[in-house]
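Asker: Any chance you could fold what I've pasted below:
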Amino acid sequence: MDEKTRDRAIIEADFLDLPMIPLRGLSVFPNMVLHFDIGREKSINALEKAMVNNQYIFLSSQMDENTDLPTTKDFYQIGTIAKIKQMLKLPGDSIRVLVEGICRGKIADTLFEVPYFKCRIKPLPDEETGNDDSEAEALMRTVLGSFDEYISINQNLAPEIFASVVTIDSPGRMADMIASHLEIKIEDKQAVLELLDQKERLRKLNDILIREIEILNIEQDISSKVKSQINQNQREYYLREQMRAIQEELGGDEGIEDEVAGYREQLAQLELDEKIKDKIEKEINRFSRMQSSSAEATVSRTYIETILALPWNTLSEDNIDINKAEKILNEDHYGLHKVNNRVLEYLAVMQLSESLKGPILCLVGPPGTGKTSIAKSVARSIGREFVRMSLGGVRDEAEIRGHRRTYIGAIPGRIITSIKECGTRNPVFLFDEVDKIGADYKGDPASALLEVLDPEQNKDFTDHFLEVPFDLSKVMFITTANTTETIPRPLLDRMEVIEVSGYTEDDKLNIAQQYLVPKQIKENGLSKKVITFPKSGLKTIINYYTRESGVRNLEREIGNLCRKVARKYVAGETEKVSMTSKRVEEYLGKRRFHFDVIKNKTEVGVTTGLAWTIVGGETLFIETAALPGTGKLELTGQLGDVMQESAKAGISYIRSVAKKLGIDEDFYKKYDIHLHIPEGATPKDGPSAGVTMCTALISSLTGIPARKDIAMTGEITLRGNVLPVGGIREKVMAAHRAGIRKVLLPRENEADIPEIPEAVRNEMEFVLLDNVNDALKQVLVR
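Answerer: The predicted structure is shown next:
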């Protein structure tokens, strides 16, 4: 059934059971297409029900638009049966609806009022008039003449409206169309809507038009009287007086005039650039001429309120005390001496230069290492407001720059919104997860950030919504990321990267004792008299129930233990619990993680490598086997492209020095070489295992056992040189944890050894490698 047939069936039906929406300050006529916003729960429920059924709904005007919760007595019984053409969800739980009026209808019965109004409607089609009805024709001409005069006096209606009305040949439809365009009270529009006789409708409309024309003429008289009383130098005052006089004559309220007066008062108190002030003044003047209920007025009001609420002249007073800042940073963080020192240097320079121009700080490190809390501590140490904006998953450039005001429902970007909410022009602004910004057809947020994070440009940052420059040069920007690999190069170039490395076992132990345990005991309503955490228990949690660089999961597990003890304590099953290693396993179950511990000292074809992961370092066993075959190379264990290339480079190097090593020069033809790294379900990649794989292959081909209690790392070249790699601190920590006390490192990584914690460094022996032969001398047991 097509739409016209469905509409005809609706008009010809005896009764219809339809959802009903009461309208505030609005009338809908048949054959009209218009949109309006709804936000009341009953109205939304009625709309959703209509969309589920046949998209038809009954619309009736409220008698008093100020009634928030209307009953059946609060709206007119005659309204319009309409078809829903489109609906759009807006911010703030409201919905914009586009409807088309079908025919008049009358409420015969209210079926129920909760959760929405549902009524039995009797359709009221127009009473037909004859084609040769001279009286109807005369009335139509009279009404058109009155409407033409009304449009010529009323400046708010476009002349094109008259052209569209002239072509209508139906008396009733003409009356409905003209009534919908008139700026009259709801009661007058309802009077036209309730008349089914088309000629009576035209007569009523003509009376209304004559009255409105008289009112408009009175307006012009008022305007001339006001002009005679004031001179050209008082133009602004004249405009306000004219508006007030018009409203008094029409009996309208003065709400929007009061709003405009308030906006002007706020603007006068701000010290702004003349261009910005002129633009705001123009927008206020434009808003004063709008109807307060129109969609455009809503956007204009939001713009004016946003721009006046911004802290144009408000600055937090800096209280940069290096000693106090150092104390706060040390109170809030343990083991991050390098980061704390860099932050203190930054604050010292800022105090001396009284300027923030220069690189933006970017804190890079694994999750849970305290990057966000460092930014909070910086704000606390200098007495500034703290603002955080997460960039994870942000794909729309409008999140940074805002929406253009050409769109209904446009809002400023999150930067301007955050500045407005914090109430100061110089907060500490944290961009969290800057490495996880996305990009799609809506734009590239990372490119928008280039202007924000450039000290030479951000003094004139222009949000698309504001359309005027706002100074961000006084804001202290700090960003955080887990890695720099995914940060666009131009954006990374504007930031100074500070590495926030993972915590060692001793760091985690101290953090747990000083911060996490007291915090979780307090949050779970316990005390030290009920639960204690000795070192053995904390070490068990750190090593066997968490695997991370930070302390987020460690805090979670401590809280888990506290909750379990709290339950037993409340049930009277225990009085005091000491969380020893055995008790931790009893509460948390079997161990979830384990560390590789070297058992057999030597084995042919097996060497120990070191790898870096986002949760710290790990030991990596490389297993190789040389089997009779045709020269195939088999690589297993989910090796990435870089690691596969390292293995192939190792084979090529061995072929070049096979004679020196006592290996058959045709080994690559006679043997199939299989290289495997255990834990095959875990993907592995990177150049760090080059020297380790090469040494394991040489051990297999020569039959000489390799020492597994020596760990090594480094990339190799086709000439056998060992190149430097990263993550030395974490890798050495992993070796120490596995019981290894001798580590082979590339010579160029010698500078990284002081970064290793002193307690671990004193127990380790480091051998520096220039080429693969240096590793063979240490590892192969001849």
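
Asker: what about the strands in the stretch 401-550 of the chain?
Answerer: Secondary structure of the stretch 401-550 of the chain (DSSP state E, counting those that start in this stretch): strands at 428-432, 461-462, 469-470, 476-481, 495-499, 531-532.

Asker: ok, and what's touching stretch 339-356?
Answerer: Residues outside stretch 339-356 that contact it (Cβ atoms under 8 Å, 6 or more residues apart in numbering) are 318, 320, 322, 325-326, 329-330, 333, 358, 361, 363, 374, 378, 381-382, 455, 473-476, 498, 500. Every C-beta, even on glycine, is put in place using the N, C-alpha and C of the backbone.

Asker: Tell me if Arg719 really is in a helix.
Answerer: No. Per DSSP: H, G, I helix; E, B strand; the rest coil, Arg719 lies outside any helix segment and is coil.

Asker: Which pLDDT does the model give it?
Answerer: In this model, Arg719 is scored at 91, pLDDT.

Asker: and Ala706, what does it touch?
Answerer: Contacts of Ala706 (Cβ under 8 Å, 6+ apart): 602-607, 695-696, 699, 779-781.

Asker: so which pair among the residues you listed is furthest apart in space?
Answerer: Across the contacts of Ala706, the longest distance by Cβ to Cβ is 13.7 Å; it joins Ala696 and Val781.

Asker: Look at the two and report which has more neighbours.
Answerer: The residue with more neighbours, out of Ala696 and Val781, is Ala696; 30 against 12, by other Cβ atoms under 10 Å.

Asker: Looking at the strands of the stretch 401-550 of the chain, which one is packed in the most?
Answerer: Compared across the strands of the stretch 401-550 of the chain, strand 476-481 shows the largest average neighbour count, a mean of 25 (mean count of other Cβ atoms under 10 Å).

Asker: Parallel or antiparallel, which strands does that strand pair with?
Answerer: Looking at strand 476-481 with DSSP bridges, its partner strands are strand 360-364 (parallel), strand 428-432 (parallel).

Asker: For whichever helix or strand comes after the first one, what does the pLDDT average out to?
Answerer: Yep, that's strand 360-364 we're talking about. Once strand 360-364 ends, the next helix or strand along the chain (criterion: DSSP states H and E) is helix 371-382. Averaged over helix 371-382, pLDDT sits at 84.

Asker: can you tell which of the strands paired with strand 476-481 is closest to Thr5?
Answerer: Among those, strand 428-432 comes nearest to Thr5, with 57.0 Å by Cβ to Cβ.

Asker: C-alpha coordinates for that closest one, PDB please?
Answerer: Taking Å, rounded to 0.1, in the frame of the first residue of the first chain, the C-alpha atoms of strand 428-432 are listed here in PDB:
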ATOM      1  CA  VAL A 428      47.400  22.600  33.700                       C
ATOM      2  CA  PHE A 429      45.800  20.900  30.700                       C
ATOM      3  CA  LEU A 430      46.400  17.100  30.400                       C
ATOM      4  CA  PHE A 431      45.800  15.400  27.000                       C
ATOM      5  CA  ASP A 432      45.600  11.700  28.000                       C
END
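
Asker: what about the nearest residue to Ala295 once chain neighbours are set aside, how many neighbours?
Answerer: The shortest distance from Ala295 to any residue other than its chain neighbours is 5.3 Å, reached at Ile408 (Cβ to Cβ, 6 or more residues apart in numbering). When neighbours are counted by other Cβ under 10 Å, Ile408 registers 15.

Asker: okay, Ile408: pLDDT?
Answerer: In this model, Ile408 is scored at 71, pLDDT.

Asker: Let me know how buried Ala245 is, in neighbour terms.
Answerer: Count around Ala245 with other Cβ under 10 Å applied: 16.
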